[in-house]
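> quick one, what's the 3D model for this:
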Amino acid sequence: MVTAVVAAKLAASVPSSPSRVAAVINRNVGALRSGPSYWMVLFSGFFEPVLYLFAIGVGVGKLIPDLDVDGRLMSYAQFVAPAMLAVSAMSGALAETTFNFFFKYKYVKTYDAMLATPIRPMEIAVGELLWAIIRGSLYTGAFLIIMMAMGLTTPLWAIAAFPATVLVGLAFGGVGMAISTLIRGWQDFDLMFAGQFALFLFSGTFSPVQDYPLAVEILIGVTPLFHAVELVRGLTTGAPSVSMIGNAAYLVAMTLLGLAFANRRMTRTLTV
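Predicted structure coming up:
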């Protein structure tokens, strides 16, 4: 422990290095190659949004007439699919930066060992976030292929939407790490999952937010998944708007604030 503290203090004066960030990512790649169990966990998070798309977007959607969204008519499946794409990006990033991050942070002391090297807390945070984006991008890339196969978007708009899903993953991954540094034990994850499920249901995912009472609509408008859904939906449906700049700015702010908070907490708890 003393060695980790001294090494971390010495490293504080050394500029951040991409090679050290890459070393954090490489450690996760090594874990990925350790056995088939991690691959099963990796892909398990992909199926939930796909099942919701088929069960609700396609199944229930057969009973729902076309929706008028900002003056544009679209099928219910076209309305739900971009929301499930945003949820897929969120879920992939949160899976890595909550459960996995917390386990390494609190129990196996992976980051204590890393800090015995020149790696700094911010480099750990950035490395873990980039790894989470790799996982989330696997989900969203596969989901976009499904959307194209179902005729719910076009290849060009799918390409345009992919960077937006990366931004969604960055935003939720950064906040996920920040939350994980505050969690006291596994039971606290129930609170996080309750919040995540509420976002999943009420962020313009299954019905336009204009259908809710005004007070609820305003509340939804300040939640993160709403901005993610609006950004992704505008791109996959081929209807970009100026308001999407605000959606993107919101997600960028989430990313930066989440990273800064995670770095501060890790520096305080792991190097003192």
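> how about stretch 139-151: buried residues?
Using 16 or more other Cβ atoms under 10 Å as the burial criterion, the residues of stretch 139-151 that qualify are Y139, T140, F143, L144, I146, M147. In short, each C-beta sits where N, CA and C put it, glycine included.
> let me redo that: stretch 215-226
Using 16+ other Cβ under 10 Å as the test for burial, stretch 215-226 gives I220, T223, P224, L225, F226.
> try stretch 163-182
Quick answer for stretch 163-182 (16+ other Cβ under 10 Å): 164-181.
> so which of those residues are in helices?
If you go by DSSP state H, these have 164-180 in helices.
> tell me the one among the buried residues of stretch 215-226 nearest to V21.
Checking the buried residues of stretch 215-226 against V21 by Cβ to Cβ gives P224 as the nearest, at 24.7 Å.
> residue contacts, that closest one?
Counting by Cβ atoms under 8 Å, 6 or more residues apart in numbering, P224 touches A171, F172, V175, L199, Y250, L251, M254.
> from these, which one has the minimum pLDDT?
Least confident of the contacts of P224 in the model: L199, at 92.
> now do the helices in the protein.
Applying DSSP H to the chain gives helices spanning 2-11, 18-32, 36-52, 76-95, 101-102, 110-114, 121-149, 155-180, 189-201, 214-220, 224-236, 243-270.
> mind putting the buried residues of stretch 215-226 in a markdown table, pLDDT and distance to Y107 included?
Output for those, formatted as a markdown table (pLDDT from 0 to 100; distance: Cβ to Cβ, whole Å):
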| residue | pLDDT | distance to Y107 |
| --- | --- | --- |
| I220 | 94 | 36 |
| T223 | 95 | 31 |
| P224 | 96 | 28 |
| L225 | 96 | 29 |
| F226 | 96 | 34 |
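> neighbours of W186, just the number please.
12 (other Cβ atoms under 10 Å).
> pLDDT below threshold where in the chain?
Scanning the chain for pLDDT under 70 picks out 1-16, 31-46, 272.
> so what would you say the end-to-end distance of stretch 94-109 is?
Its first and final residues considered, stretch 94-109 spans 20 Å by Cα to Cα, to the nearest Å.
> pull the CA atoms of stretch 149-160 into CSV?
Coordinates of the C-alpha atoms in stretch 149-160 are reproduced here as CSV (Å, rounded to 0.1, in the frame of the first residue of the first chain):
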residue,chain,number,x,y,z
ALA,A,149,-32.1,-5.5,-42.4
MET,A,150,-35.6,-4.6,-41.1
GLY,A,151,-35.7,-1.5,-43.2
LEU,A,152,-35.8,0.8,-40.2
THR,A,153,-32.9,2.9,-41.4
THR,A,154,-30.6,3.3,-44.4
PRO,A,155,-26.9,2.4,-44.5
LEU,A,156,-25.8,6.1,-44.8
TRP,A,157,-27.9,7.2,-41.8
ALA,A,158,-26.7,4.2,-39.9
ILE,A,159,-23.1,5.3,-40.5
ALA,A,160,-24.0,8.8,-39.3
